[in-house]
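Participant: heads up, no residue letters with this:
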Ligand SMILES: Nc1ncnc2c1ncn2[C@@H]1O[C@H](COP(=O)(O)OP(=O)(O)OP(=O)(O)O)[C@@H](O)[C@H]1O
């Protein structure tokens, strides 16, 4: 059963169509939702939580109908919002226990679950200090803990790496992977950073101007390309010249040579060239595609705000 399925989902505000006839279904796992600022990601999450009725169309979350079962959806789904929403004067423990109680857990179970969840997200002694003194990374962890405390089957994480430094991002991405792999909780995670989603997701849905651009497994986006990256210690240009003379399509790129694969012979020609020129081969690997290439090849939607051939502003690697 898909964890999320939408059919013709449309949300029109007076001046803008935030979602435009969106039909998509995703299976359990870690699912990325990507789109530029204003693409409709937060609107979709609010509609899926049953907090806002769509203008038209239908959707189910964990098999529950958003129009009828909003309360049951919110019981089974955790939500980590993008915006700052934590009270500064209470500790992480007090806040997460409170959220667990709000979800219906009795006092002792709420305390236990809060302690477990805060430990899972990497907050230890700090959890007794007021949240107001926390770093951005710690606050993101508290937001994540409150989304997980009632043991949901699915969590919606809206831009969980926002505002984090590279180390904080890596830690948050590791946590997201563990939520999916170790705890068996499905995740819908939004980001405008495609490289992040490539790292943690099983499946990525791309929306642009409220329309579905692509929905497929990450491996389908990152399949091996027909191009080799070759790095030699010295003599890059000599090797490039020789390959070119042998009819190989090749061009330099930084320290590397980028070589079009025209069959097994391409590998032989590189190997022979390296040996004959007495070079040291550091690497020869087949390049993989990246999710961003979807934006570079997608035709422009008639009403889409973004020019074809460009990554929409706000979406980056
Ligand atoms: N309550 C509202 N009233 C009017 N317009 C809205 C409302 N909520 C969202 N919009 C508009 O709908 C479009 C989609 O917004 P949404 O917040 O869903 O995008 P997003 O992909 O989440 O972007 P971001 O990454 O900036 O949060 C935007 O043009 C936004 O201005």
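Facilitator: Thanks, I have the structure now. Since the model is a prediction, treat every value here as computed from it, not as a measurement.

Participant: nearest residue to residue 153 in space, please, no chain neighbours.
Facilitator: Distances taken as Cβ to Cβ, 6 or more residues apart in numbering put residue 76 closest to residue 153, at 5.1 Å, once the chain neighbours are dropped. Every residue, glycine included, has its C-beta placed from N, CA and C.

Participant: and stretch 215-233, how far out from the chain's middle?
Facilitator: 18 Å (Cα atoms, centre = their mean, to the nearest Å).

Participant: contacting residues around it?
Facilitator: When contacts are defined by Cβ atoms under 8 Å, 6 or more residues apart in numbering, stretch 215-233 is touched by residues 24, 26, 32, 197-198, 201-206, 214, 239, 253, 255-261, 266-267, 270, 274, 279-291, 293-294.

Participant: which of the residues in it are buried?
Facilitator: The neighbour-count check on stretch 215-233 (16 or more other Cβ atoms under 10 Å) flags 215, 218, 221, 228, 229, 230, 232 as buried.

Participant: rewinding a little: ok, and which of the contacts of stretch 215-233 reach the ligand?
Facilitator: With Cβ under 6 Å from any ligand atom as the criterion, these include none near the ligand.

Participant: for residue 156, see how far away residue 147 is.
Facilitator: 8 Å (Cβ to Cβ, to the nearest Å).

Participant: mutual contacts of the two, please.
Facilitator: Common neighbours of residue 147 and residue 156 (criterion: Cβ under 8 Å, 6+ apart): 78, 79, 80.

Participant: quick one: the residue lying closest to residue 292 once chain neighbours are set aside from the ligand, how far?
Facilitator: Nearest residue to residue 292, sequence neighbours excluded (Cβ to Cβ, 6+ apart): residue 194, at 5.0 Å. Between residue 194 and the ligand the computed distance is 14 Å (Cβ to the nearest ligand atom, to the nearest Å).

Participant: and for residue 194, the neighbour number?
Facilitator: Neighbourhood size, residue 194 [other Cβ atoms under 10 Å]: 23.

Participant: how about the most centrally placed residue in the chain, what does it touch?
Facilitator: Compute the mean C-alpha point of the chain, and by Cα atoms, centre = their mean the closest residue is residue 197, 3.0 Å away. Contact analysis of residue 197 by Cβ under 8 Å, 6+ apart lists 32, 34, 189, 191, 204, 218, 291.

Participant: nearest residue to it in space, please, no chain neighbours.
Facilitator: residue 32 (3.5 Å).

Participant: shaky segments in the stretch 151-300 of the chain?
Facilitator: For the stretch 151-300 of the chain, the stretches with pLDDT under 70 are 297-300.

Participant: can we see that at 80?
Facilitator: For the stretch 151-300 of the chain, the stretches flagged by pLDDT under 80 are 192, 222-225, 289-300.

Participant: so what touches the top helix by length along the chain?
Facilitator: Counting residues, the longest helix in the chain under DSSP state H turns out to be helix 166-181. Residues from elsewhere that reach helix 166-181, judged by Cβ under 8 Å, 6+ apart: 29-30, 120-122, 136-137, 140-141, 144, 148, 155, 157, 160-161, 164, 185-187, 189, 196, 199-200, 202.

Participant: is it true that the residue nearest to residue 292 touches residue 36?
Facilitator: No. Applying Cβ atoms under 8 Å as the test, residue 194 and residue 36 come out as separate, 11.1 Å apart.

Participant: ranges for the strands of the stretch 1-150 of the chain?
Facilitator: Along the stretch 1-150 of the chain, counting by DSSP state E, counting those that start in this stretch, strands occupy 4-12, 17-26, 30-34, 56-61, 64-65, 77-80.

Participant: pull up the pairing partners for the third one, direction included.
Facilitator: Here strand 30-34 is paired, per DSSP bridges, with strand 186-191 (parallel), strand 203-208 (parallel).

Participant: again with the fifth one
Facilitator: Each strand paired with strand 64-65, and its direction, by DSSP bridges: strand 56-61 (antiparallel).

Participant: ok so the residue nearest to the centre of the chain is a strand residue?
Facilitator: No. Assessed with DSSP: H, G, I helix; E, B strand; the rest coil, residue 197 is helix; it does not lie in a strand.

Participant: start at 891, not 1
Facilitator: Sure, I'll start numbering at 891, so the last one becomes residue 1087.

Participant: kindly provide the distance from it to the ligand.
Facilitator: In terms of Cβ to the nearest ligand atom, residue 1087 sits 14 Å off from the ligand.

Participant: kindly report the same for residue 1171.
Facilitator: For residue 1171, the distance to the ligand - Cβ to the nearest ligand atom - is 44 Å.
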